[in-house]
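1. All I have is the shape, not the residue letters:
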């Protein structure tokens, strides 16, 4: 988990903040220790993007990554997961591309019910304040994402179920 | 807490009192499945399996989602737990991404420095 840290002096990991801003919006902010120009590059060049977008700790393997970063251009990422070895595709279109300060794209795998992701890159004295804003078309769409269980496949889920079952049998 | 959850526990207990439904949960713990898949696996009619899945869904143990003509079943949790866990895993995903992004960006910075030196 120390992938982001470095033994070099002066290189530090910044704190991330996250907020559910409304019933259909999520906002994540984080400062990156480099100017927007470089950070933007890491978001828009496929060979760089694929090195960080799918960290190992997610348990996913990236099979392919195509980014056509221009207004109207598409992206397509294919992952494999032990539960879906044949691969799952995530895809969408870029709505706005303003180097090095703003990127907006759609998430179309949910069949038109997906969120629109806006990322802004703000220069803060040579560092970059990243703001990732995800806007779902409706409360129901976000609820559906939450309810899909796609991200709850972990040990914690099963531990909770075990606990629930244990408490149920105790009441018996 | 116990009072708050007791109605839920009744539903959970009722849902788990049946061997087929326990089997369905075990199966879904390994992989998602459609109602048709489950009906075949447990050798019963579609209608019969729909009823079982309905009971599990009511108890908050399974969630279902219709994809085209197929109803897909996933191991589910109660709404609040599920929401808290989803938010937490969303946070963790971005946190891990940003850590990895730090590494990539540090490399870009170093590369720019050495390239810059070479040009001079």
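-> In hand now; what should we look at? The model shown is predicted, which means the values in this text are computed figures rather than measured ones. Numbering: from 1, shown residues only, chains lettered A, B, ... in the order given.

2. Now find how far off-centre the lengthiest strand in chain A is within its chain.
-> As assigned by DSSP state E, the longest strand anywhere in chain A is strand A:84-98. Its chain's C-alpha centre and that of strand A:84-98 lie 11 Å apart, by C-alpha atoms, centre = their mean, to the nearest Å.

3. And for it, what's in contact with it?
-> Under the contact criterion C-beta atoms under 8 Å, 6 or more residues apart in numbering or on different chains, strand A:84-98 has outside partners A:44, A:63, A:68-81, A:102-109, A:114, A:116, A:118. Bear in mind the C-beta positions are built from the backbone N, C-alpha and C, glycine included.

4. How about that strand, which residues are buried there?
-> A:90-92, A:94, A:97 (16 or more other C-beta atoms under 10 Å in any protein chain shown).

5. Give me the sheet partners of that strand and which way each runs.
-> Applying DSSP bridges, strand A:84-98 is found paired with strand A:74-81 (antiparallel), strand A:102-106 (antiparallel).

6. quick one: terminal-to-terminal distance for stretch A:27-43?
-> Using C-alpha to C-alpha, to the nearest Å, one end of stretch A:27-43 lies 17 Å from the other.

7. Any stretches of the chain with poor pLDDT?
-> In the absence of a named chain, chain A is used. A:1-12, A:83-84, A:147-172 (pLDDT under 70).

8. that's the other chain; I wanted chain B
-> Residues of chain B that meet the cut-off, pLDDT under 70, sit at B:1-10, B:12-13, B:77-82, B:85, B:119-120.

9. Residue of it nearest chain A, please.
-> As assessed by C-beta to the nearest C-beta, chain A sits closest to residue B:99 within chain B, at 2.8 Å.

10. Give me the spatial nearest neighbour of the spatially most central residue of chain A, chain neighbours excluded.
-> Centroid check for chain A by C-alpha atoms, centre = their mean gives residue A:53 as the closest residue, at 7.1 Å. Leaving out its chain neighbours, the residue that sits closest to residue A:53 by C-beta to C-beta, 6 or more residues apart in numbering or on different chains is residue B:97, at 6.2 Å.

11. Which parts of chain B belong to which domain?
-> Domain segmentation of chain B under automatic domain parsing yields B:2-75, B:79-120.
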